[in-house]
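**Q** What would the 3D arrangement of this be:
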Amino acid sequence: MSRLQDLAHHQGAAAVGLAIGGLFWGIYWVPLRILEQIGMGGAWPGTFVFVGATVTVLPLIWRRRSALWSNWWALVSCGLLTGAAFSLFSTAIILTDVVRAILLFYLTPVWSTLLGLVYLGERLTTARLAALALGITGMLIMLGLGAGWPVPRSLGDILALASGLVWAVGSLRLYQASHISVPEQVVAFVIGGLLIALLTVAIGGPVMNPIGGAQVLGAALWPLAITSLFVVPTLFLTVWPATVLPPARVGLILMTEIVAGVISAALFAGEVFGWREATGSLMIVSAGLVEVMGHRVSRDEIQPDRG
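**A** Down below sits the predicted model:
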């Protein structure tokens, strides 16, 4: 019984950490838009954020070099997937509305649930269905049912939807590779994101790589430094829970980002926050609570089949 209690406590702490991480991701768009206003467009803001994050984790790379090398193959798959998800999301925020990018990304609980059913042998419980219904309905309410379903209408929308799909697969890989330590996974995340961002700039054409001259880089140094210090701890709050919790639960709890994103967009970007947004936020928070409270740790989860 003590092992069950320990596992439940561990998963509870991971859920709280993930919810906090989601709140931080909800304001991630702010420095990206600052970089855009300075003169960086397309994929450049996300690229420079990942450059700064890479510099921040260089000491970690040096200290963990042996473990990184010994686990390099698993880390490549995890890092490219998770890094790609947030690299594409970073670009989507520049190319479409903040709220649309966040909401399209957060169709990810649907994809994660399907992956859990197929690859982890999960059961579609009443609590999971209720959480999905609350989360998706809350998302649609915030988007505005009169505006139609959250389907891609621009390149930015397509990237946002793709980032959610890729994150669903990436969180599955994190869960399956839980034997690899979190610091190594964070390093892989950062490097993977940087590689995908650079690739996007290289092959994306004029839409992806507009940037000003040297004065732009000079003006961007301070927001980049602050953002890098903010992003790396948030990555730990995201990656660690993803190695402990199943992908569908990760997607549902991480929806706290929608609440923070909509509120911050209202405060800093002049977007509306009224009864509709408040109702949607309440439903999304309820979805996370239903998912966590409706789950009971079983003996089978002490040694789960992670594929």
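
**Q** Name the SS class of the closest residue in space to residue 96 that isn't next to it in sequence, please.
**A** Leaving aside its chain neighbours, residue 96 sits nearest to residue 156 (2.9 Å; criterion: Cβ to Cβ, 6 or more residues apart in numbering). In this view, the C-beta of every residue, glycine as well, is placed from N, C-alpha and C. Classification of residue 156 using DSSP: H, G, I helix; E, B strand; the rest coil returns helix.

**Q** Distance-wise, check residue 156 relative to residue 207.
**A** 10 Å (Cβ to Cβ, to the nearest Å).

**Q** Repeat that for residue 282.
**A** Distance of residue 282 to residue 207, computed by Cβ to Cβ: 37 Å.

**Q** picking that back up, pull the contacting residues for the residue nearest to residue 96.
**A** Going by Cβ atoms under 8 Å, 6 or more residues apart in numbering, residue 156 touches 91, 92, 93, 94, 95, 96, 97, 100, 101.

**Q** swap in residue 67?
**A** 180, 181, 184.

**Q** cool, and residue 23?
**A** Contact analysis of residue 23 by Cβ under 8 Å, 6+ apart lists 256, 257, 259, 260.

**Q** How far off centre is stretch 11-23?
**A** Computed by Cα atoms, centre = their mean, to the nearest Å, the separation of stretch 11-23 from the middle of its chain amounts to 13 Å.

**Q** Name the spans of the stretch 101-250 of the chain whose pLDDT lies under the cut-off.
**A** Applying pLDDT under 70 to the stretch 101-250 of the chain flags the ranges 143-151, 212-214.

**Q** Could you check how far the nearest residue to residue 122 once chain neighbours are set aside is from residue 206?
**A** Distances taken as Cβ to Cβ, 6+ apart place residue 116 nearest to residue 122, at 4.0 Å, with adjacent residues excluded. Using Cβ to Cβ, we find residue 116 at a distance of 40 Å from residue 206.

**Q** just residue 284 next, same as before
**A** 37 Å.

**Q** Mind checking which of these two has more residues around it?
**A** It is residue 284, of residue 284 and residue 206, that has more neighbours when counted by other Cβ atoms under 10 Å, with 27 against 8.

**Q** Now do the same contact list for the more buried one.
**A** With contacts defined as Cβ under 8 Å, 6+ apart, residue 284 is in contact with 134, 135, 138, 139, 142, 255, 256, 258, 259.
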